[in-house]
Every structure is written in structure tokens, then in C-alpha cells.
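K.L.:
What follows is a predicted protein model with its sequence.
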Amino acid sequence: MELIVYGIILGSIIAMGSVGLTLIWGITDLFNCAHGDQMTVGAYIALLFAVMFSRIGIFQGNFGPFSFSWGVLISFIPAIAFSVGLAVLIDRWVYRPLRVSGAHSMAGFIASIGVAWGLRGLIYIIWGADFIFYSQGLRNALFLPMGIKLRTDEIFIVIVALGSVAAVYLFLKNTKTGKALRALADNPGLARVSGINTERMMVWVWGIAGALIAVAGILYGIETQLRPEMGWIFLLPLFAAVILGGQGSITGALAGGLVLGIAQQVSTAFLTPTYKPAVAFIIMILVLLFRPKGIFGRRKA
Amino acid sequence: MGILNFLIAFAVMASIYAIFSMGLNVHWGYTGMLNFGVAGFFALGAYTTALVTSKMPSGALTAYIKQAFGLNAPFLVGVLMAAIVCGIVAVLIGMLTLRLSEGYLAISTIGIAETIRLFFNNEPWLANGPQGLIGLPQPLRGLISPAYYSYLYLVIVLIFLGIIYLALEKGIRSPWGRVLRAIREDEVMSAADGKNVFAFKLQSLALGAMIMGIGGALYTHYSAAIQPSVFEPLFGTFIIWAMLMLGGTGNNKGAILGAFVVWALWSWSTFLIIKVVPPFFQTRAPFIRYVLIGFLLVFIMVKRPKGIIGEERQVSKF
């Protein structure tokens, strides 16, 4: 039972990451292997600012009942901004030239692996390979019925994660830009003919994905700790969640993320925790074999 | 003397990587299958030969080294077994994944490689878990003084490299190779021509995997020690992708050239880092190479998608 609750926490972080991933995949047909490492970058940028705030000595009080300071909370803003900028720039310098030149559809995939290694290498160089925590000290725990022990932080994580996914969902559903994005995902040719500026939409997609992934990175950092390979370890669950949910489907990615999170945590009851990525992978293979369009798959034959 | 030894050691590793690179070329260069799991076959080949050729630990060693079995077989049997095991596993993987579209195949192979590595890491009864196996036998060890052993090993590796190169060049110009390239260009069209696309892809996957298995085996007997951390994605998979992409996809000469160029960048940058970088930065400096490999991959994809040499026009010889 406890494991299921932990699974929901992990799952909501996976869901945040996979929503961005599924958007990129649905709209640009790119499997973005750098997604996990962009998440790491977001988390470390927040760390940079949080450390800076504590050096100056501002925003030091703990934020509400949570174990992290106001500084960490405020660091969300520059981290998101940086991550959005980075995502848009990567698209402009790497993926747009590939789109324009009409390269092989898998060229972007291979290039994104290069981006992933580049980013991770930079993080190793700047911050080193050690584990880093946002905050030292005790973490407040809550005791819920049925012997479930929960940290207050974890409630914050779930609320923020689900809130951001809901915000993106509403954005896509109700705004004009959102509609244009969905049109582009459904039928790129038709969307272009109807006067949708594709390149501007790309900026939107990468921006949204960048923002989500930065928040996911920070939340994961709050939940556990920061280390340079955290994003890479997340990549398989992210892909698995996206595939489970079906290409381009936000609700699918959300559900897929939660399923993956729960499955990974529950698996620790009878497997070594180091097998977690393998569990994600096996789920993914099973889905691919039996439901290649994803459990919540839609459109496109 | 030091320089010469360094060059020989460099050439041995570069040649082993050239073998991997040619194996990957069969998958990606000729058949268009994205295999991001080279490290998995690398690990399988390396562990197979290690278990087949080593002795079961005896005496005091039993306390420190656990392995499922040790057959004490000769070197060539080890290499052969490595190739066979990789071929069999490739067929199994292929049956599961080859019907998937390219992107899915790529993600699956990342997952398979990681799963294989995690398995060797977490199951100490099989091959000593994270500590790995050390003191593995080396072929013709007694023939030459240990200081010059890498000279002899270079010859052994070059013989394998040569045989694989010639066999591939012959195979790719055969009707069989032509079908592979047809599948790469247009799968639907090849199927319409009555070719069993799935069977050809499976054969290609198995062949490439066997070559990678041989590469893994040669690595094991050169380093005489293996542990799971060797088979992490960068060192085991993506550096090989960088080699193939740089040298020239679809060209075996390019695959070999790329292996030598990238391995030169890699090993000489290590050398430079030790000499030049200030001590406080020593622990972090090696990661500059991550950035290097990453940017190299991006640069090639964006600026020179064909690599240095690129594919040559191939006319079938009869």
C-alpha cells in the first residue's frame, strides 16, 4: 500500500516529463533522447540559484511546512526560464536545420543523443559527480492511516506536478495557440496550408516541454537528490510512459506516468531497486507488442 | 619506446572498436536498423568468452570470486561462443522488436542493453556482480615477454579485423547485401518485390550482433578484466555511433577510419587532461570528453550527415 502511494509520487514526476516528451513527439515526430538530461539541467540551475540565495542570505526561512527554503521555491522561476530558453535554442540550432534539410527521420534522434551527452558532460564538469541535496536536515513527515508515512514535501510534489499537467492540458484545449498546436500534431501539411506558422509553434512546443521538464527535475531533486545521471535514468520510464499513453496524448502520458511510477515502486517489493529501469523497459516492450498504439492511443493508423 | 607502446595499445583498442563499428554498420549503415544497444552485445560477448575460457576459481579465491561456470576452453572457442551467444540473443530480440518501427526499435535496444548490464551487475552468482572478473586468460601469453604482449595482440586483432572486413565487403556486394540496402531505402517496396523483409532484418541483426560479440571477446582477452561499468551507454554504445557516423555510414572503410579518429580524440584527450589540467580539476576534466562526443554527434548529424567518406556506389560483382 505504501509502495503504491510512493508510486503515485514518482509517477506524477514521470508524468510531467512525459507530457513534454509526448508533445514533442506528436508534433515534430522526434524522439527526444535529451529530455532526461534537460530535466537534470533544470534541477541544477535551480540549485545554482538556491545556493546563491543562501550565500546572500535571503529567502532563508522554510517554506510553509516543507523541508526546503523559500529560496528553492523562488529558484523555480529562473530554472524554468533557463530551461525554456535552452530547449528553444537547441531546437533552433540542432533540430531546425535537420527539419529544413529534410534529413532522415532518425537523424534528429541521433542528434538528440549527442545533445544529451553534451549537457550531461557540462553538468559533470560544473557540479561534479557527487549527490547534492537542496536542503539538509530533517524532513517533516506526516502519518496517514494504514501506516503510510509521507513527507510533507511529497504532497507539494504531487500537487505541483498534477497542477502543471492540468494547466498544459487546458492551454492546449482552450487557447488559440493550443488549438493550432493540436492541428499541427494531427496533420502538419493541412495545418501549414491553413496559415499556422509552424516554426513559431515549434518554439511553443519546446518552450512548454522545457518548462515542464525543469519543474519535474526540481521536484525530483526535492524528493531525492541531485546527481548528473538522474535524467538519463529517467529517460526509459519517460519513454515507456509516453508509449503507454500513445503518441501525442497528454492524458495518456499522465496515466502512463502514474502507471509506470506505481509499477516501478511496487517492483521494489520483490526485486532489487537497481532493476527499476529494467521494469520500465519491460512494461514498454509488453505495450509495444500488444498495444503498439498505446493504451490510450488515438488517431493515425 | 614509451611512445611506441602507447601507439600499439592505441591501435589495439581502435581496432577492437573498428570491429564494433563495422558490426553497427551492418545494422544501421546497410539495413537502416537503429541499434542503440551495442553495449548489450559488447557485454554479452565479453562475459561469454570470460566464462568459457576462465577456470573456476579455486582455493582462497572462491571467497572473492563467484561465477556460474568456467570451462577453461581455448581462446578461439571463447570467441566463437561469444559470437554464437550474441547471434542467438539477437535473434530472440529481433523476433520481439523487429516488427516495430525504427524509433521504437531504437528505444527498445537502449532498454535491452541497460537490462543486460543491470543483470550482470545485480546477479553476483553469474559473473561476480559489480566487481567483475579479473585475471582472465590471454591467448599465446607464454610466447612473448609480457612487455611486448600488446604487439602480438595487435596482430591477432588485425587478423580478425581483416577477416570481418573482407567477409562484409563480399557479403554486402552479394545479392543478399543488395536486399539489405533495398530494405534500408524502402521497406515497403522491398516487401512488394517479394522479399521477406523480416527475415532479412533478422539475419542482419544476428550478423551484426555476432561481429559485436567477437569485438567484445577480443576486448576481454586484451584487458584480461571486465566489470559491468565498462558497458555503460557512452563507452559501449554511443562512442561507437560517433565512430560510424564520423567515418561514414554505409562504408566499412569509413567505419574503421571513424573508429581510429574518435579513439584517437578520446585517448589523447585523456593524455592531455592528465598533463595539462590543474590538479583541483582532475576529477571533473574527463567529462570534457562527454561534451566532445556529444557535440561531435550533433555536428556530424547537422553538418556532415554522410561522414568523412560516405557510402560508395556499389556495383554487384558476379
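P.N.:
Yep, that arrived.

K.L.:
give me every residue that touches the closest residue to B:Leu246 other than its chain neighbours.
P.N.:
Distances taken as C-beta to C-beta, 6 or more residues apart in numbering or on different chains place B:Gly258 nearest to B:Leu246, at 4.3 Å, with adjacent residues excluded. In this view, the C-beta of every residue, glycine as well, is placed from N, C-alpha and C. By C-beta atoms under 8 Å, 6 or more residues apart in numbering or on different chains, the contact set of B:Gly258 is B:Ser21, B:Ala242, B:Met243, B:Leu244, B:Met245, B:Leu246, B:Gly247, B:Gly248, B:Gly307, B:Ile308.

K.L.:
and those residues as TSV, adding neighbour count?
P.N.:
Shown next, in TSV, are these (neighbours: other C-beta atoms under 10 Å in any protein chain shown):
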residue	neighbour count
B:Ser21	34
B:Ala242	29
B:Met243	31
B:Leu244	30
B:Met245	31
B:Leu246	25
B:Gly247	29
B:Gly248	24
B:Gly307	22
B:Ile308	16
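
K.L.:
quick check, nearest of those to A:Thr251?
P.N.:
B:Met245 (37.2 Å; C-beta to C-beta).

K.L.:
what's next to the strand or helix carrying that closest one, contact-wise?
P.N.:
B:Met245 belongs to helix B:239-247 when assigned by DSSP states H and E. Helix B:239-247 is contacted by residues A:110, A:113-114, B:17-18, B:20-21, B:24-25, B:28-29, B:36, B:38, B:253-259, B:261-263, B:266, B:293, B:296-297, B:300-301, B:307-309 when judged by C-beta under 8 Å, 6+ apart.

K.L.:
I'd like the list of those that fall within helices, please.
P.N.:
A:110, A:113-114, B:17-18, B:20-21, B:24, B:38, B:253-259, B:261-263, B:266, B:293, B:296-297, B:300-301 (DSSP state H).

K.L.:
And the residue of the stretch 1-150 of chain B that's closest to chain A?
P.N.:
B:Gly111 (3.3 Å; C-beta to the nearest C-beta).

K.L.:
Let me know the secondary structure of that residue.
P.N.:
With DSSP: H, G, I helix; E, B strand; the rest coil as the basis, B:Gly111 sits in helix.

K.L.:
Next up, the contacts around the residue nearest to it when sequence neighbours are not counted.
P.N.:
Nearest non-adjacent residue to B:Gly111, counting by C-beta to C-beta, 6+ apart: A:Phe281, 3.3 Å away. By C-beta under 8 Å, 6+ apart, the contact set of A:Phe281 is A:Leu236, A:Ala240, B:Ser108, B:Gly111, B:Ile112, B:Glu114, B:Thr115.

K.L.:
same thing but 7 Å
P.N.:
A:Leu236, A:Ala240, B:Gly111, B:Glu114, B:Thr115 (C-beta atoms under 7 Å, 6 or more residues apart in numbering or on different chains).

K.L.:
Also A:Ile208?
P.N.:
Going by C-beta under 7 Å, 6+ apart, A:Ile208 touches A:Gly20, A:Leu23, A:Val168.

K.L.:
quick check, it in a helix?
P.N.:
Yes - assessed by three-state DSSP, A:Ile208 belongs to a helix.

K.L.:
Briefly note if the helix or strand harbouring A:Ala46 comes near chain B.
P.N.:
Assessed by DSSP H and E, A:Ala46 sits inside helix A:35-56. No - Helix A:35-56 is not in contact with chain B by C-beta under 7 Å from any C-beta of the partner chain; minimum separation 9.4 Å.

K.L.:
Following the chain past that helix, name the next helix or strand.
P.N.:
helix A:70-90.

K.L.:
Next, the buried residues of that next one.
P.N.:
Within helix A:70-90, the residues scored as buried using 16 or more other C-beta atoms under 10 Å in any protein chain shown are A:70-76, A:78-80, A:82-84, A:86-88, A:90.
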